[in-house]
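Colleague: would you be able to build a 3D model of this:
(chains A and B)
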Amino acid sequence: MNHSPRLTHMTLISRFLFGPFRSGIEAQRPLLYRIAYAWCHDPALADDLVQEALSKAWARRAQLRDEAALKGWMVSIMNHCWLDHLRSWRDFDDIDDLYDELESGVEAPDACCNRREVIACVRAAVARLPLGQRQVLTLVDLEEFGYAEVAGILDIPVGTVMSRLSRARASLKVLLDPAAQQPAARTLLRSVK
Amino acid sequence: MNPVVSDETLHAFVDGELDVAESEALIARIRDDKDLAQRVCVLRSLQSMVRLAYAEPPVAAGRQPGATSRRQFMQRCAYGCLVLVAGLSGGWALRGLEPQAVATVPAVVAGGFQPVSLARVTDPNRVILHLDSAAPDKMQSVLDQAERLLDEAEQQGRAMQLEVIANSRGIDLLRAGVSPHAARMARMKQRHANLHWVACGQSIARFANEGEKIVLLPATQTAPTAIGEIVTRLQQGWTYVRV
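Modeller: Numbering: from 1, shown residues only, chains lettered A, B, ... in the order given. Model prediction:
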């Protein structure tokens, strides 16, 4: 609204010369990598996804009208890259099944004590969530996207975002809460004894 | 009376998705309801654990950052070459203008001082004189030059803007009780409304720190730094002369 005409001209000129905000696209790299890693828990794959998303975003930069939506737009591109990757990786006909069952191959979390262990535990717990829940949870918690934005990025209804988030947090609570796990183990031990 | 708050509502609250009225109502209930407070607390700690877990994701092993940016490097080289070619051809095209531009400021060049300007055509009507020492001959010379430039402009009917900026020991010229030319400067200022005395704020602060009491002459302005002022003026197309 308050853009001075001179600024608008500068933006237009730089758009003409360099396309919209090349640096803006490049600046999303750490954010995208964090999300990609939280989705797949594989550094090499996350790196590939980010690279692919960045180059696709660059190629399709003309499609983005609103600069404020850059972040969400790029995550949505990366989501498509990720789905493409999953399709090629396993011959899934129905991606919806995948959303509910896929866990990344990380072992179950054990007791968490110090900081490094907490980090490992949480990652393991997040990795055990079904893919759909994992995506919603990481977008909301890591990047503080609103529910509506997440719905736009993943192309699902807002209600689904809320229910997935709800289930994801409920499972995380169980996976990470030592009180919820250990009593069961203890009683088991006691009954054996 | 109050229905049980659903998990979805609490999540929406923690994620800042509720509107103000809803949040306030919920906060009021949380204050009275320990169980509810506990649930919110658990959610918040879950959220911060997830954030902590991915604050520093591990970097892909065996990938050198240099390799991925090879294309970028090539692009930058290409841009660099482009800029170089543009500069060279620009310089070649403008070579004829150079003597002409210099010829417009004979008044400033006189006296062996080198004028500097960022503008392609130097503006003889906007000049900034820079004094950075308290040597009596330099003080004398800066005032002489200023007066000569202003008088010439007046005779030719040009509206001239002139700024004398002082930093380091040059500040002494602008100090009340220290300046040897206070009376002359007051007279000059009276005659020429477009003459400005500017002192470098940084130098003043430095001398004040060392225990000197700095009182400037009336009608003296201060700039945050002399360098900043000079650069700003140059960008505005002024001609800079270091005395």
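
Colleague: correct me, but residue A:25 touches residue A:57?
Modeller: Yes. At 5.2 Å, residue A:25 and residue A:57 qualify as touching, with contact defined as Cβ atoms under 8 Å. From N, CA and C alone the C-beta is placed, and that goes for glycine too.

Colleague: and the gap between residue B:79 and residue B:85?
Modeller: Look at residue B:79 and residue B:85: by Cβ to Cβ, to the nearest Å, they are 11 Å apart.

Colleague: okay, helices next: where are they in chain A?
Modeller: Using DSSP state H, the helices of chain A run over A:5-18, A:22-27, A:29-40, A:43-59, A:70-89, A:95-101, A:115-128, A:131-143, A:147-154, A:158-176, A:178-192.

Colleague: now these in a markdown table, with mean pLDDT and mean neighbour count?
Modeller: Shown next, in a markdown table, are the helices of chain A (pLDDT from 0 to 100; neighbours: other Cβ atoms under 10 Å in any protein chain shown):
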| stretch | mean pLDDT | mean neighbour count |
| --- | --- | --- |
| helix A:5-18 | 55 | 10 |
| helix A:22-27 | 74 | 14 |
| helix A:29-40 | 90 | 21 |
| helix A:43-59 | 89 | 19 |
| helix A:70-89 | 87 | 18 |
| helix A:95-101 | 55 | 13 |
| helix A:115-128 | 85 | 18 |
| helix A:131-143 | 91 | 24 |
| helix A:147-154 | 92 | 20 |
| helix A:158-176 | 90 | 19 |
| helix A:178-192 | 45 | 10 |
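
Colleague: of the ones you listed, which is nearest residue B:147?
Modeller: Minimum separation from residue B:147 across the helices of chain A (Cβ to Cβ) falls at helix A:5-18, 38.2 Å.

Colleague: next SSE downstream of the host helix or strand of residue B:208?
Modeller: Residue B:208 belongs to helix B:201-209 when assigned by DSSP states H and E. Later in the chain than helix B:201-209, the nearest helix or strand by DSSP H and E is strand B:220-223.

Colleague: can you name every helix or strand that that next one contacts?
Modeller: Secondary-structure packing of strand B:220-223 (3 or more Cβ pairs under 8 Å, 6 or more residues apart in numbering or on different chains; DSSP states H and E): strand B:195-200, helix B:201-209.

Colleague: who in chain A is up against chain B?
Modeller: A:33-34, A:37-38, A:43-44, A:46-47, A:51, A:115, A:118-119, A:122-123, A:126, A:137-138, A:140-142, A:144, A:146-147, A:162-163, A:165-166, A:169-170, A:172-173, A:176 (Cβ under 8 Å from any Cβ of the partner chain).

Colleague: and the residue nearest to residue B:29 when sequence neighbours are not counted, what does it touch?
Modeller: Spatially, and ignoring its direct neighbours in sequence, residue B:29 is nearest to residue B:36 (6.1 Å; Cβ to Cβ, 6 or more residues apart in numbering or on different chains). By Cβ atoms under 8 Å, 6 or more residues apart in numbering or on different chains, the residues touching residue B:36 are B:5, B:10, B:29, B:30.

Colleague: turn those residues into TSV, including secondary structure.
Modeller: Below are the contacts of residue B:36 laid out as TSV (DSSP: H, G, I helix; E, B strand; the rest coil):
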residue	secondary structure
B:5	coil
B:10	helix
B:29	helix
B:30	helix
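
Colleague: between those, which sits nearest chain A?
Modeller: residue B:10 (9.2 Å; Cβ to the nearest Cβ).

Colleague: that closest one against residue B:39, yeah?
Modeller: Yes. The pair residue B:10 and residue B:39 qualifies as a contact (Cβ under 8 Å) at a distance of 5.9 Å.

Colleague: which of these two has more residues huddled nearby?
Modeller: Neighbour tally, residue B:10 and residue B:39, criterion other Cβ atoms under 10 Å in any protein chain shown: the higher count belongs to residue B:10, 20 against 17.

Colleague: need the contact list for that one.
Modeller: Here residue B:10 is in contact with B:36, B:39, B:40, B:43 (Cβ under 8 Å, 6+ apart).

Colleague: and with 6 Å instead?
Modeller: With contact set as Cβ atoms under 6 Å, 6 or more residues apart in numbering or on different chains, residue B:10 has these partners: residue B:39.

Colleague: show the pLDDT at the nearest residue to residue B:182 once chain neighbours are set aside.
Modeller: Counting by Cβ to Cβ, 6+ apart, residue B:217 is the residue found nearest to residue B:182 once chain neighbours are left out, at 5.9 Å. We note a pLDDT of 88 for residue B:217 in this prediction.
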